[in-house]
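>>> my questions concern the predicted model and sequence given below.
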Amino acid sequence: MHAKRSPSGADRWAACPGSIAMEAGYPDESSEYADAGSAQHLVFADATMMARSAGFYLGAIVEVGTIGEAFDGAIWCRKNASDDLIPPPAGFVRRRSFVMGEPELELLGIAIENCREMLRGSIYAETEAEVPIYKLTGEAGATGHADVINILDEPGQGPQILRVLEVHDYKSGRNEVKPDCRQLKIYGLGAADLFAPIYGPFDKIRLVIHQPIVSDRPLVAEFLPKELASFAEEIRQAAALSIHAENTAAEWMGKSTEYLVPGRTDDETQCKYCAASGACPGQDAFITETIGLEFAALADKAGGALVLPGWDDPGGATLGLRLAAVPAIKSWAQAVEDRAYSTLMKGGPVAGHKLVQGKRGNRAWASEEEAEAEMKRMRLKQDVMYVQNLKTPTAMELALKELPSKWNKLSRLVTQAEGKPTLAPLSDRRPAIKPPGVATEEDFTELNKPFNPEDLL
Ligand code: SF4
């Protein structure tokens, strides 16, 4: 059953109890990005279960849409470029179509191989597994869908054999998702509840994120069942508060922000995926408090005259605080722009703003076939008519998947530029680097070491 308090939305509704009530006033518009993720999930689950490589799905078509209230997700139109098209089920309303190309299949391939590797020795595995979550969220009959559930035995200490429950989830986004996130913990608890009577008791619950755009290895977190018990209690309380905020919305909405808790840093992403983002008084309060200006004053400064902390900022404390809030502010700014655009597109008013015609798109042939035929009639030479490009290393690696010796030979000719220094919070997994050409404290320590003639020997 579709859950209002879904596992994938848990970071929002558990952190911001009023968000379910706030979202009710806005249409649930799934983004292209989210739909592309749903399409890739379908390929990930199918390839994992059918033991197929990602290359099999080149040219596959996945459609994302709804069947009334009962279904909102991805279905196959065809699994392979040479397959016939599969007619959609009755009542299916298509929202978007996706054709699987080399870039996404290259990333999916890493995730599929890693997941299949972990499924070796499996006692039981299931994809797109529907697990009960109602005991955690308090919503009658609520369920969630885990990409892959895997149950296996593995050696413990000495002769001990451990029964392990694994939950695997594929992520297509660029923002790293931690395997100990609320979504996976809820799936883990739901799966343990469902499978314990047949395969339990479980000694360990392993949560696995496959996010190849971030890491070419799976990201893993492990818990003893009793360790997840305290999280279960925490999420039950958060769900109860969220239900209370929803049931009493008429009393506080528009009058108070007591149930609205915006994300204040990059780690707190609740507003990013909230339908109320950009029109929420809780978010407004956070932004004005962080910037130190009311919106009216900010509009006056729309020429870039905002004052940023300068050299009198010991340890960069103020700059660090503001930097930590930038992702939340950017996300809010994007949400405001999106909301204004969609309001104007629907014919509504946005004070001081209007829609205008944007820059024209690139020119294209109305019909490539007709243009090509016309050029041939003109007897134009091949090199005038066509451009031939060498395939990229990524495309060639995929094309030579079954011929690894050829790819090994070619791969020696591949070059890749180093990444540029980039800002990251201290919690980032990557080690800090020295800014190029800048002496750091360590260098001075080295230089200031007392001279020891033995160092010259
Ligand atoms: S925009 Fe943020 S603060 Fe407002 S309801 Fe949504 S999650 Fe809560």
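Everything's here; your move.
>>> low-confidence ranges, the stretch 351-457 of the chain, go.
For the stretch 351-457 of the chain, the stretches with pLDDT under 70 are 439-457.
>>> tell me the residue of it that sits nearest the ligand?
Ranked by CB to the nearest ligand atom, the top residue of the stretch 351-457 of the chain for proximity to the ligand is P425, at 20.2 Å. Just so you know, the C-beta spots here come from the backbone N, C-alpha and C atoms, and that holds for glycine as well.
>>> would you mind measuring from the nearest residue to that residue once chain neighbours are set aside to L423?
Nearest non-adjacent residue to P425, counting by CB to CB, 6 or more residues apart in numbering: D266, 6.3 Å away. Distance from D266 to L423, counting by CB to CB, to the nearest Å: 11 Å.
>>> quick one, which of those two is more surrounded?
D266 (20 against 7; other CB atoms under 10 Å).
>>> next up, the contacts around the more buried one.
D266 is in contact with 324, 327-328, 425, counting by CB atoms under 8 Å, 6 or more residues apart in numbering.
>>> now it: how far from E154?
Remark: distance between D266 and E154 (CB to CB) = 35 Å.
>>> what parts of this protein come near the ligand?
Within the chain, the positions near the ligand by CB under 6 Å from any ligand atom are 12, 16, 18-19, 22, 260-262, 270-271, 274, 276-277, 280, 282-283.
>>> now, which of the residues you listed sits nearest P201?
Nearest to P201, judged by CB to CB, of those is R12 at 32.4 Å.
>>> so S8 sits in a strand?
No - under DSSP: H, G, I helix; E, B strand; the rest coil, S8 falls outside any strand and is assigned helix.
>>> can you tell me the closest non-neighbouring residue to it?
Closest residue in space to S8, ignoring its immediate chain neighbours: Q183 at 5.4 Å, by CB to CB, 6+ apart.
>>> please identify the helix or strand for the one you found.
Secondary structure assignment for Q183, by DSSP states H and E: helix 182-199.
>>> for L410, same thing?
Using DSSP H and E, L410 sits within helix 404-411.
>>> can I get that helix in PDB? Just the C-alpha atoms.
In PDB, the C-alpha atoms belonging to helix 404-411 read as follows (Å, rounded to 0.1, in the frame of the first residue of the first chain):
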ATOM      1  CA  PRO A 404      38.600  -7.600 -22.300                       C
ATOM      2  CA  SER A 405      42.100  -8.200 -23.900                       C
ATOM      3  CA  LYS A 406      41.300  -5.700 -26.600                       C
ATOM      4  CA  TRP A 407      40.000  -3.200 -24.100                       C
ATOM      5  CA  ASN A 408      43.100  -3.700 -21.900                       C
ATOM      6  CA  LYS A 409      45.300  -2.800 -24.900                       C
ATOM      7  CA  LEU A 410      43.200   0.300 -25.700                       C
ATOM      8  CA  SER A 411      42.900   1.400 -22.000                       C
END
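>>> could you verify that V131 is part of a helix?
No - per three-state DSSP, V131 lies outside any helix segment and is strand.
>>> test my guess that it contacts L194.
Yes - using CB atoms under 8 Å, V131 makes contact with L194 at a distance of 5.2 Å.
>>> please name the nearest non-neighbouring residue to A47.
Using CB to CB, 6+ apart, the nearest residue to A47 is I112, at 4.6 Å.
>>> meant to ask about P179, not that
Closest residue to P179 apart from its sequence neighbours, by CB to CB, 6+ apart: A221 at 3.9 Å.
>>> number of nearby residues for the one you found?
16.
>>> ditto for A317
A317: 10 neighbours (other CB under 10 Å).
>>> how close does it get to the ligand?
Remark: distance between A317 and the ligand (CB to the nearest ligand atom, to the nearest Å) = 26 Å.
>>> flag every buried residue along stretch 69-81.
For stretch 69-81, burial by neighbour count (16 or more other CB atoms under 10 Å) applies to 72-80.
>>> ok, and what's touching it?
For stretch 69-81, contacts defined as CB under 8 Å, 6+ apart pick out 2, 30, 35, 38-39, 41-42, 46, 56-66, 84-86, 88-89, 92, 97.
>>> could you do stretch 92-100 as well?
By CB under 8 Å, 6+ apart, the list of residues contacting stretch 92-100 from outside reads 30, 32, 35-36, 39, 43, 57-67, 71, 75, 77, 88.
>>> so after the helix holding Q183, what's the next helix or strand?
strand 204-210.
>>> would you map the helices across the stretch 1-150 of the chain?
Taking DSSP state H, counting those that start in this stretch, the helices of the stretch 1-150 of the chain run over residues 10-13, 19-23, 32-50, 102-118, 134-137.
>>> which residues pair with L207 across the strands?
Listed beta-bridge partners, L207: V167, A221 (assigned using DSSP bridges).
>>> from the ligand, how far off is it?
24 Å.
>>> can you get me a residue count around that residue?
Close neighbours of L207, defined as other CB under 10 Å, add up to 25.
>>> residues contacting it?
166-167, 169, 179-180, 184-185, 187-188, 220-223.
>>> just the buried residues from those, in ChimeraX please.
The following ChimeraX line selects those of the contacts of L207 that are buried, judged by 16+ other CB under 10 Å:
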select :166,167,169,179,180,184,185,187,188,221,223
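>>> right, I'll call it a day here.
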